[in-house]
Structures are given as structure tokens and as C-alpha cells.
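1. Need coordinates for the below:
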Amino acid sequence: MFANGLEKVRIEKRLGELEAVADAPRVKASPGKSSRASPEFAGLIGRAFADDRDAGVLVAYQAGFLMKTPEIGSLREALGTWPNGKTRVELAGILTLSDNGNVSIHHVGGSASGGVLTLFVDGQKVSEVGDDRSKNSTFLLPLTKGHHALRWVLSGGDLGIAQVEFLPDPAAGAAAPTLEVHATKDLIAAARQGGVKKEYKFGDEAFIAAVVPTVRVEVERPLAKTGADKGTTKTASVTKATSSKVVRKKYFPGLVGREFAKQKSQLDGNLYTGWVPPDELVDPIGPVGVVGSLLPIKLTSERNGVVSGYLRIDVAGDYLFNAAAGYDRVALYIDSNLVCPFRDGENASATVKLEKGMVPIQVACMPLRDGIFRVKWQPPGTVELSAIPPTVMFHTE
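-> Model (predicted):
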């Protein structure tokens, strides 16, 4: 799966709403409470898997709620019987903080028989409980004002119990920044893709009564198709066609990653063929991942992967890009234009002229062996290719 992982853009209005709630001292955040309007959802969202196969079960979780053994057991029963008896639940969401400060995280659960709970914030693993580890962890995590990507993975045979809480720092008292956890439209739409046979919601009565929105998200398609050119250095002049793009009001940290099943044309094992345009990939496998780094990303060799979103360009000028993978089975689109084609050479690079603003990026990898791919850039004024900073990666609602 994608290693999920994230600054903020255009959130002044959103922060104003949060600050309006901050007048009264809050020792503990109210899980599930939100000042947002639909179609965002006050909780984490994702899907359940049986032996790493998508079970078609949508799972919604109210941050702070304690899932006890009988409740998790009902979810396991819904997955049916499978050979290896492995359960995995992948949940994602956004933590929004009204100011810089510490967040108190309480992470509980797992079991002595293989149940492990792993929490990622902005793509970094911050806590793991269960099995032969501690099953109860409380710690402070310093975070900046704005949006932060959450990923919570429950895995193993017997999951035991499960809980993750995000609370203001008790030591800060009334000065503690307010926080909330929610799922964006992109995350909700990704969790629903592939069809939903059953829905499980873990939370209080109000949370359970809430409707997980069904949303339609417009996906921007690449304008160019792959070519056969095999140069080592190319130049592509890209002009932003803002009039043809979907205008969004909010951006959230991180790119969005999805995995797709192999197509029939890719099953012959040929290392040098098998390209499928990203817009022809259907039926994503599993939930969306929030990606905080393109250096590198690891996929299973049995799946295709697509990472998309926006790069915040702060300085206009010529940007050099390189995309590489095993047998160079990767393609890179910038501003909806193909700049690094599939198998153009691992050392090939392309120069793109970009203006300031939010520029679409899409990376498509179709691995056969190691499943590792990476993207680097060289912004104006720099002398070599380097990692794209997580602080300039965003996705929309």
C-alpha cells in the first residue's frame, strides 16, 4: 500500500470557524463534533480487507471511540471465512489544528495474538501498539497550524480492541489550539470506489446516525498520451489553461494515491510493455492513501499505482523533473501534460516551464517486480535533482 503521508493553502475561512469554537477552555476534544458542512464527514473513513483482498466493506470511525472486542468481532464476521484469517482495516482522514501546538494522542488496542494498530501522521509512523508491543500509549506530538494527514491501520488475525484519540495538550489549558478530525470528499469518494456491500460505523449514537456522504469527485484527466521518444533530456513548454480546470476552494496536505488491479494486457510478464493510460484504469483496490513523499513509493508488484494532486509552485520558472522505477515502468504528468513517458529511461529528465500557483501532478506506475518508483525535481536556482518537499504537495476536496 501507499505510505500515506504532509502545510496549508487557503484555509483562512476554515480557521476562522475553528477559532470561534476556541473561546471556551477545552480539556478534551469532542470526538465527531464538527463545524463543517456536508459533504465532509466528521471521522476517519476507509475499507476492510480479508487476506489483503478488498471485502467491499466501508468502515467509518469516530476519533476517540473505543471499539471493543464484540464490535470488532461483528466486522470480522462480515468478512466471512478466508484461508489465512488475516484482517486489515485501513482508515484515513485529516486532522485540522487551529494553531501551532502539541496534540495529545492516546493509542490503545491490539491483541497478544497478532493484532497490531499503526498510526501515521503526515506519512510518518508515530505509534504502533498491540501484539508483543505496548497496548496502551499516550504521547504529545508537536504539529503546525493547519491540516495534517492521518492514516490508521488495524491488522492481524485477532484485532482485540482499538481506539485512537486526538486531544488538546492538557498542560496548555485554555491556550491549547482547537482540533478536529474529518474526511474530505476525495477520501470519502475513494472509500466508496469499487462498490460497498456493507457499511460499519464505530462511534456514539449521533455518529452512527450521521450519513456518510455519497459524493462525485471530478477527476482531471491527462491531455497527452504516451509517446515512443527515448531521449535523455527533453523540453516541454507547458502553459496553464486555467479556464479548462476545475476551480477548487480548499487544498489539503499530501497527494492522493490509489492502487488498481492489473489489466489483461499486463499479465504476460513482459518487462518492456504493458502501459495503460491512467484514465483507463478502473476499480481501485482498497482505500485511498495520502502520500507525503515521492522518494520513494513502494507498491506491490501485482498492482498499478496512481498518485495525483497538486504542487504549490512558489517561484515561476523552469523546473526539471525525473521519474524512475524498476525497468522505468512509470510515467509523469505535470499540469495535465505528459513530461516523462513510460520507459523513457531512468535517467531521462524533462524541463517544464511553470507559473506560480497550484499545478496538477499525476504519477502512474505499472510495476512487474520491485514496485518501487520515485519522482525528483530541480526548481529554478538549484543545481541538482532533489526530493519534492511534502510542504508543497496537496490534494483537493
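
2. Could you check how many residues crowd around residue 143?
-> 20 (other CB atoms under 10 Å). From N, CA and C alone the C-beta is placed, and that goes for glycine too.

3. in the sheet, who's paired with it?
-> When bridges are called by DSSP bridges, residue 143 pairs up with residue 101.

4. Low-confidence regions, this structure specifically.
-> Low-confidence regions of the chain, defined here as pLDDT under 70, cover residues 1-40, 80-85, 214-249, 397.

5. Where does the residue nearest the centre of it fall, secondary structure wise?
-> Relative to the mean C-alpha position of the chain, the nearest C-alpha, by CA atoms, centre = their mean, is the one of residue 290, at 1.3 Å. Following DSSP states H and E, the helix or strand that holds residue 290 is strand 284-291.

6. contacts for that strand?
-> Contacts of strand 284-291 from elsewhere in the structure, counted by CB atoms under 8 Å, 6 or more residues apart in numbering, are 1-6, 45-47, 49, 54, 90-92, 123, 149-151, 186-187, 190-191, 193-194, 253-261, 297, 303, 307, 309, 393, 395.

7. secondary structure class for the nearest residue to residue 139 once chain neighbours are set aside?
-> Sequence neighbours aside, residue 105 is the residue nearest to residue 139 in space, at 5.9 Å (criterion: CB to CB, 6 or more residues apart in numbering). Applying DSSP: H, G, I helix; E, B strand; the rest coil to residue 105 yields a three-state assignment of strand.

8. what bridges to residue 105?
-> Beta-bridge partners of residue 105, counted by DSSP bridges, are residue 139, residue 166.

9. can you pull up the bridge partners for the residue nearest to the centre of the chain?
-> For residue 290, the beta-bridge partners are residue 256 (DSSP bridges).

10. Now residue 136: closest residue in space, sequence neighbours ignored.
-> Of all residues apart from its sequence neighbours, residue 108 sits closest to residue 136 (CB to CB, 6+ apart), at 5.1 Å.

11. brain fart, residue 364
-> Nearest one to residue 364, counting by CB to CB, 6+ apart, is residue 278 at 4.5 Å.

12. how near is that neighbour to residue 332?
-> Between residue 278 and residue 332 the distance, using CB to CB, to the nearest Å, works out to 11 Å.

13. again, but for residue 254
-> Between residue 254 and residue 332 the distance is 18 Å, computed by CB to CB.

14. Repeat that for residue 302.
-> Distance, residue 302 to residue 332, using CB to CB: 22 Å.

15. if you count what's nearby, which of these two comes out ahead?
-> Using other CB under 10 Å, the more surrounded residue of residue 302 and residue 332 is residue 332, with 27 against 14.

16. surely the more buried one meets residue 319?
-> No: the pair residue 332 / residue 319 is not scored as a contact, 11.6 Å apart, by CB atoms under 8 Å.

17. any idea how the chain splits into domains?
-> 12-209, 233-396 (automatic domain parsing).

18. Can you give the distance from the strand holding residue 290 to the centre of its chain?
-> Taking CA atoms, centre = their mean, to the nearest Å, one finds strand 284-291 lying 6 Å from the centre of the chain it belongs to.

19. Next secondary structure element downstream of that strand?
-> Toward the C-terminus, strand 284-291 is succeeded by strand 297-298 as the next helix or strand (DSSP H and E).

20. for that following strand, packing partners?
-> Secondary structure elements in contact with strand 297-298, counted by 3 or more CB pairs under 8 Å, 6 or more residues apart in numbering; DSSP states H and E, are strand 372-378.

21. Try it again at 10 Å.
-> In terms of contacts (3 or more CB pairs under 10 Å, 6 or more residues apart in numbering; DSSP states H and E), strand 297-298 is packed against strand 303-313, strand 372-378.

22. who does that strand pair up with?
-> With DSSP bridges as the test, strand 297-298 is paired with strand 372-378 (antiparallel).

23. which residues does residue 201 contact?
-> The neighbourhood of residue 201, defined by CB atoms under 10 Å, 6 or more residues apart in numbering, consists of 43, 45, 58-62, 65, 207-212.

24. Surely it forms part of a strand?
-> Yes: secondary structure of residue 201 (three-state DSSP): part of a strand.

25. For residue 97, state which of the contacts of residue 201 is nearest.
-> Within those, the smallest distance to residue 97 is 17.0 Å, found for residue 43 (CB to CB).

26. The closest one and residue 88: what is the separation?
-> The separation that residue 43 has from residue 88, given CB to CB, amounts to 19 Å.

27. ok, these two, which is more surrounded?
-> Using other CB under 10 Å, the more surrounded residue of residue 43 and residue 88 is residue 43, with 26 against 23.

28. separation between residue 392 and residue 383?
-> Using CB to CB, one obtains 19 Å as the distance from residue 392 to residue 383.

29. Of the two, which one has the most company?
-> The residue with more neighbours, out of residue 392 and residue 383 and counting by other CB under 10 Å, is residue 392; that gives 19 against 6.

30. Surely the more buried one touches residue 294?
-> No: counting by CB atoms under 10 Å, residue 392 stays clear of residue 294, with 11.0 Å between them.

31. which residues are in contact with both of those two?
-> 361, 377.

32. hmm, back to that, now which of the contacts of residue 201 would you call buried?
-> 43, 45, 58, 59, 60, 61, 62, 65, 207, 210, 212 (16 or more other CB atoms under 10 Å).

33. Could you find the closest non-adjacent residue to the first one?
-> It refers to residue 43. Counting by CB to CB, 6+ apart, residue 62 is the residue found nearest to residue 43 once chain neighbours are left out, at 4.9 Å.
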